[in-house]
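Enquirer: Quick one: sequence plus predicted model below, questions after.
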Amino acid sequence: MALILGIESSCDETAAALVTSDGRVLAHRLAGQEEAHRPFGGVVPELAARAHVEMAVPLVEAALADAGVTLADVDAIAATAGPGLIGGVMVGLMTGKALAHAAGKPLIAVNHLEGHALSPRLADRDLAFPYLLLLVSGGHCQLLLVKGVGDYRRLATTIDDAAGEAFDKTAKLLGLGFPGGPAVERAAAKGDPRAVPLPRPLVGSGEPHFSFAGLKSAVLRARDAGIHRAEDIAASFQQAVVDCLVDRTRRAIVAIDGDVSALVVAGGVAANQAIRTALAALAESNGLAFAAPPLWLCTDNGAMIAWAGAERFGAGLVDDMEVPARARWPLDPTAEKARGAGVKA
Amino acid sequence: MREPREGMTEHSLHLDGPEATAAAGAALAAVLRPGDVVALSGDLGAGKTCFARGLLHALGFAGEVPSPSFPIVIPYAPPELGLPLWHVDLYRIDDPEEIEELGLEEARADSALLIEWPERMGPRLWPDALRLTIDRDGPDARRLTWAAPAPWEGRWPPRT
């Protein structure tokens, strides 16, 4: 059994965790005061690399103390190497490199998206490869075929806005408050999902991808029409997102043709009950198991980086000290390009 | 595809839909140079990222151009396109002082910057930036207006 330290700093905040290769989370720490606001990625990004520097080492120390271990007990150090805001990524990766060098431990550079992709196996140790993952967060909207450690096929991505971003911006347009995802969901519960005709961008389309920018524009038009209740717009918007996610995921299930046993949803948007219910029903009607990791593991965290590190370490995938921080780092570099030119709502 | 010059007055241009917005972005590609700053204003849903997509594709970038609202900065560099370009979105920034942390000034040394929500920079926005604004002009139509400082003379609006 291996013990892995994971460091995450590619998004808005810094996190550190200790996870074992048999899937026990011994400690996980998340910096910052915005935890309550995190489901859709937070709105107060920590841009200051300096602040990540100040937090990274104390967080690692706190996680080690929580777990009752020292750096000498750790078998490998995993750090996010991208994609993300480059200043933060560099701080986390440099911290990982420095600790690995000082303690004489192997370094594992983890793609942030790989952290999300493998996290369902930390939540459910029986979840076997391959599985279909819908990753829906403030910054991402992707369908991934997770075939094995380091073996991912991107089936679809958003050509414009991520699903969580669409929720946040709809909340802003409708004046529903913050954080946007839960605010829209609460308002939607009091509205009629059929009241406002809204587009389902790309639904039924031959291309596999997601698009939400046109939906955002339609919400703006519906608001400005001045004849709809905000609750009805919210409910109709949420239903449109559900329909888009279900349609695109169904298309992916058909495209991979029986290759997987489970549909997994991860990312902060997985907290939305309407989305969860619709995806569970989709899985059932296709004879697939359905899984969603607990919310703390769906949103950005250090444990998923430590776990991805554990999976990579188990597969013998370690990195040298030259591994670079990368602002853009596609998980599947061979993925079909999604240009999205001229797409209409 | 409409020519972006069509319907143009001295300081603004009518865009009759997303394709026209993307075409206006593509027109910018022909005159953009490393070190340029383009400030792109417009409300939510105005089509800023659509404009950016037109620009990036015209610069030769073949991949998807996602909204930078969450990542804040998405850098693009050759050989994926003709010149280094940072696609920046300051929507989530509250404190203008934080913007210094993004390293935009340093990036100008070799990259062009396309900045959405430039209002967040306040007076820190460079005076030599080309300022573009997309306003709604009907359900799908938009109006692109601009203020082009001296370094942009002869480059914007683009001659056809």
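Expert: In hand now; what should we look at? As the structure is a prediction and not an experimental result, all values here were calculated from the model. Numbering: from 1, shown residues only, chains lettered A, B, ... in the order given.
Enquirer: who in chain B is up against chain A?
Expert: B:17-19, B:22, B:43-45, B:47, B:49-50, B:53-54, B:57, B:62-67, B:69-76, B:92-94, B:98-99, B:101-103, B:136, B:139 (C-beta under 8 Å from any C-beta of the partner chain). From N, CA and C alone the C-beta is placed, and that goes for glycine too.
Enquirer: Next, find the distance separating residue A:312 from chain B.
Expert: From residue A:312 over to chain B the distance is 24 Å, taken as C-beta to the nearest C-beta, to the nearest Å.
Enquirer: Filter the residues of chain B next to chain A down to the ones in helices?
Expert: Judged by DSSP state H, helices contain the following of the residues of chain B next to chain A: B:18, B:19, B:22, B:49, B:50, B:53, B:54, B:57.
Enquirer: Local confidence estimate at the second one?
Expert: Think residue B:19. Here the pLDDT value assigned to residue B:19 is 93.
Enquirer: now the one 4 residues further on
Expert: For residue B:23, the pLDDT comes out at 96.
Enquirer: before we move on, the earlier item: biggest separation within the ones in helices among the residues of chain B next to chain A, which pair?
Expert: Maximum pairwise distance in these, criterion C-beta to C-beta, is 14.3 Å, between B:19 and B:49.
Enquirer: who does residue A:15 bridge with?
Expert: residue A:8, residue A:30 (DSSP bridges).
Enquirer: I figured residue A:255 was touching residue A:156, is that so?
Expert: No - in this structure, residue A:255 is not within contact of residue A:156 by C-beta atoms under 8 Å, at 9.1 Å.
Enquirer: Phi first, then psi, for residue A:78.
Expert: phi -110, psi 140 (degrees, to the nearest 10).
Enquirer: Walking through the chain, point out its strands one by one.
Expert: Defaulting to chain A. Secondary structure of chain A by DSSP state E: the strands cover A:3-8, A:15-20, A:25-30, A:76-82, A:107-111, A:131-136, A:141-148, A:151-157, A:262-266, A:289-291.
Enquirer: let's do chain B instead
Expert: Using DSSP E, strands in chain B cover B:12-15, B:37-42, B:73-76, B:85-89, B:112-116, B:130-136, B:142-147.
Enquirer: What distance do you get for the closest residue to residue B:142 other than its chain neighbours to residue B:42?
Expert: By the measure of C-beta to C-beta, 6 or more residues apart in numbering or on different chains, the closest residue to residue B:142 outside its immediate chain neighbours is residue B:15, 4.3 Å from it. Distance, residue B:15 to residue B:42, by C-beta to C-beta, to the nearest Å: 11 Å.
Enquirer: Please identify every residue contacting each of these two.
Expert: B:134, B:142 (C-beta atoms under 8 Å, 6 or more residues apart in numbering or on different chains).
Enquirer: Tally up the residues packed near the closest residue to chain B within the stretch 101-250 of chain A, please.
Expert: Per C-beta to the nearest C-beta, residue A:139 is where the stretch 101-250 of chain A lies closest to chain B, at 3.6 Å. Residue A:139: 28 surrounding residues under other C-beta atoms under 10 Å in any protein chain shown.
Enquirer: Could you measure from it over to residue A:93?
Expert: 19 Å.
Enquirer: same question, residue A:300
Expert: From residue A:300 to residue A:93 the distance is 16 Å (C-beta to C-beta).
Enquirer: neighbour-wise, which of those two wins?
Expert: Between residue A:300 and residue A:93, residue A:300 has the larger neighbour count (other C-beta under 10 Å), namely 28 against 25.
Enquirer: Once you drop chain neighbours, what's closest to the more buried one?
Expert: Counting by C-beta to C-beta, 6+ apart, the residue nearest residue A:300 is residue A:11, at 4.7 Å.
Enquirer: residues in contact with residue 109?
Expert: Went with chain A since none was named. Applying C-beta under 8 Å, 6+ apart to residue A:109 gives the contacts A:78, A:79, A:80, A:81, A:93, A:96, A:319, A:323.
Enquirer: Chain B is the one I meant
Expert: By C-beta under 8 Å, 6+ apart, the neighbours of residue B:109 are residue B:35.
Enquirer: sorry, back to before: make a markdown table from the ones in helices among the residues of chain B next to chain A and add neighbour count to it.
Expert: Below are those laid out as a markdown table (neighbours: other C-beta atoms under 10 Å in any protein chain shown):
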| residue | neighbour count |
| --- | --- |
| B:18 | 23 |
| B:19 | 17 |
| B:22 | 27 |
| B:49 | 25 |
| B:50 | 30 |
| B:53 | 30 |
| B:54 | 28 |
| B:57 | 20 |
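Enquirer: of those residues, closest to residue A:279?
Expert: Nearest member of these to residue A:279, counting by C-beta to C-beta, is residue B:49, at 26.8 Å.
Enquirer: contacting residues for the closest residue to that closest one other than its chain neighbours?
Expert: Nearest non-adjacent residue to residue B:49, counting by C-beta to C-beta, 6+ apart: residue B:67, 5.0 Å away. By C-beta under 8 Å, 6+ apart, the contact list for residue B:67 reads A:160, A:161, A:162, A:165, A:213, B:49, B:89.
Enquirer: What separation is there between residue B:67 and residue A:114?
Expert: For residue B:67, the distance to residue A:114 - C-beta to C-beta - is 22 Å.
Enquirer: How many residues are close by residue A:274?
Expert: Count around residue A:274 with other C-beta under 10 Å applied: 17.
Enquirer: That one reaches residue A:188, doesn't it?
Expert: Yes - here residue A:274 reaches residue A:188: they are 7.2 Å apart, a contact under C-beta under 8 Å.
Enquirer: list residues touching both of these two?
Expert: With C-beta under 8 Å, 6+ apart as the test, residue A:274 and residue A:188 both reach A:238, A:239.
Enquirer: which non-adjacent residue is nearest residue A:107?
Expert: For residue A:107, the spatially nearest residue (C-beta to C-beta, 6+ apart) is residue A:100, at 4.1 Å.
Enquirer: Show the model's pLDDT score for that neighbour.
Expert: Per-residue confidence (pLDDT) for residue A:100: 98.
Enquirer: from what I can see residue A:207 touches residue A:338, true?
Expert: Yes - with contact defined as C-beta under 8 Å, residue A:207 reaches residue A:338; the gap is 7.5 Å.
Enquirer: Comparing those two, which residue is more hemmed in?
Expert: Taking neighbours as other C-beta under 10 Å, residue A:207 and residue A:338 compare with residue A:338 leading, 23 against 15.
Enquirer: so what's residue B:60 up against?
Expert: B:80, B:81, B:82.
Enquirer: same question, residue A:246
Expert: Residues in contact with residue A:246 (C-beta under 8 Å, 6+ apart) are A:278, A:279, A:282.
Enquirer: in chain B, which segments are predicted with low confidence?
Expert: B:1-10, B:160 (pLDDT under 70).
Enquirer: and the residue of it found nearest chain A, how many neighbours?
Expert: Nearest residue of chain B to chain A: residue B:70, at 3.6 Å (C-beta to the nearest C-beta). Residue B:70 is flanked by 28 other residues according to other C-beta under 10 Å.
Enquirer: Kindly report the same for residue A:62.
Expert: 15.
Enquirer: from what I can see it touches residue A:29, true?
Expert: Yes - using C-beta under 8 Å, residue A:62 is in contact with residue A:29, at 5.2 Å.
Enquirer: For the two, list the residues in contact with both.
Expert: residue A:16.
Enquirer: before we move on, the earlier item: between the contacts of residue A:109, which is nearest chain B?
Expert: For those, the nearest to chain B is residue A:80 (13.4 Å; C-beta to the nearest C-beta).
Enquirer: Contacts only, for the spatially closest residue to the closest one that is not a sequence neighbour.
Expert: Spatially, and ignoring its direct neighbours in sequence, residue A:80 is nearest to residue A:10 (4.5 Å; C-beta to C-beta, 6+ apart). By C-beta under 8 Å, 6+ apart, the contact set of residue A:10 is A:80, A:82, A:83, A:84, A:85, A:88, A:89, A:92, A:112, A:300.
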